[in-house]
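Novice: Dropping the sequence and predicted coords here.
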Amino acid sequence: RFQPDAVIHCAAYTAVDKAESEPDEAFRVNAAGTRNLAIASREIGAKLCYISTDYVFDGTSVIPYNEIDNTNPRTVYGKSKLAGEQAVTSLHDRYFIVRTSWVYGKYGNNFVKTMLKLGSEKDLLKVVHDQIGSPTYTLDLAHFLLELVRTECYGIYHASNTGICSWFDFAAAIFEESGSAIKLEPCTTEDFPRPAPRPAYSVMDHSSIRVNGLTDLRPWREALIHFLKDDQ
């Protein structure tokens, strides 16, 4: 009825830990749901942009993951998102797959909002320092997606705010930029066991953005300052 030129598929089952005990539901949404959208988009002649995740990698690398690197998800969530990628690539020929990481923004729950809330309630907070990645501000990601779907540069992309940090570094920046006096202590992943293993290293190289002459996302700290100033 709407006959869109492009479909940006943002819907997903994103409860990483819960997916370990609900694999059928995770695959129903992330794999079967994506399959349905790929078929529908193809049939009406629309481009399809599928938002994927750093969890398709195993997190054991020591250098940024390239778009063409082998995937090896270790979680049900990551496996279900990879199944969604495979549905897109097998059922559609005009697609963009955009893997992103550590997403936060104005809407929904996220790490920045959680830290700000805890910062107002506690004097001391422990945050893991041995997981390295790149935060992504939803506003910047949205601008990139809109630029991307206007092109014919199909394929897989990695998109996050530029630069890298640990969750501890990210938390420290959040409190510093928001003027909080909370005390932070670094801890290890082992100190906070979770049902789904977290990637130790999920930094992604933005090769496809560079090669296709698209606009890369701004540095993560600059984006964080924008969020704290304008989107709270």
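Specialist: Received the coordinates, thanks.
Novice: part of a strand, is Leu184?
Specialist: Yes: under DSSP: H, G, I helix; E, B strand; the rest coil, Leu184 sits within a strand.
Novice: could you pull out the strands for the chain?
Specialist: Across the chain, reading from the start of the chain, the strands by DSSP state E fall at 6-9, 47-53, 95-100, 103-104, 124-128, 132-133, 136-137, 155-158, 165-166, 183-187.
Novice: Those strands into JSON lines, with extra columns for distance to Met115 and mean pLDDT?
Specialist: Where you see a C-beta, it was placed from the backbone N, CA and C, and this is true even at glycine. Below are the strands of the chain laid out as JSON lines (distance: least, C-beta to C-beta, whole Å; pLDDT from 0 to 100):
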{"stretch": "strand 6-9", "distance to Met115": "28", "mean pLDDT": "98"}
{"stretch": "strand 47-53", "distance to Met115": "21", "mean pLDDT": "98"}
{"stretch": "strand 95-100", "distance to Met115": "19", "mean pLDDT": "98"}
{"stretch": "strand 103-104", "distance to Met115": "10", "mean pLDDT": "97"}
{"stretch": "strand 124-128", "distance to Met115": "8", "mean pLDDT": "95"}
{"stretch": "strand 132-133", "distance to Met115": "15", "mean pLDDT": "98"}
{"stretch": "strand 136-137", "distance to Met115": "15", "mean pLDDT": "98"}
{"stretch": "strand 155-158", "distance to Met115": "25", "mean pLDDT": "98"}
{"stretch": "strand 165-166", "distance to Met115": "13", "mean pLDDT": "98"}
{"stretch": "strand 183-187", "distance to Met115": "10", "mean pLDDT": "95"}
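Novice: As JSON lines, the ones you listed with mean neighbour count would be great.
Specialist: JSON lines is the format used below for the strands of the chain (neighbours: other C-beta atoms under 10 Å):
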{"stretch": "strand 6-9", "mean neighbour count": "18"}
{"stretch": "strand 47-53", "mean neighbour count": "24"}
{"stretch": "strand 95-100", "mean neighbour count": "23"}
{"stretch": "strand 103-104", "mean neighbour count": "21"}
{"stretch": "strand 124-128", "mean neighbour count": "16"}
{"stretch": "strand 132-133", "mean neighbour count": "20"}
{"stretch": "strand 136-137", "mean neighbour count": "24"}
{"stretch": "strand 155-158", "mean neighbour count": "20"}
{"stretch": "strand 165-166", "mean neighbour count": "19"}
{"stretch": "strand 183-187", "mean neighbour count": "15"}
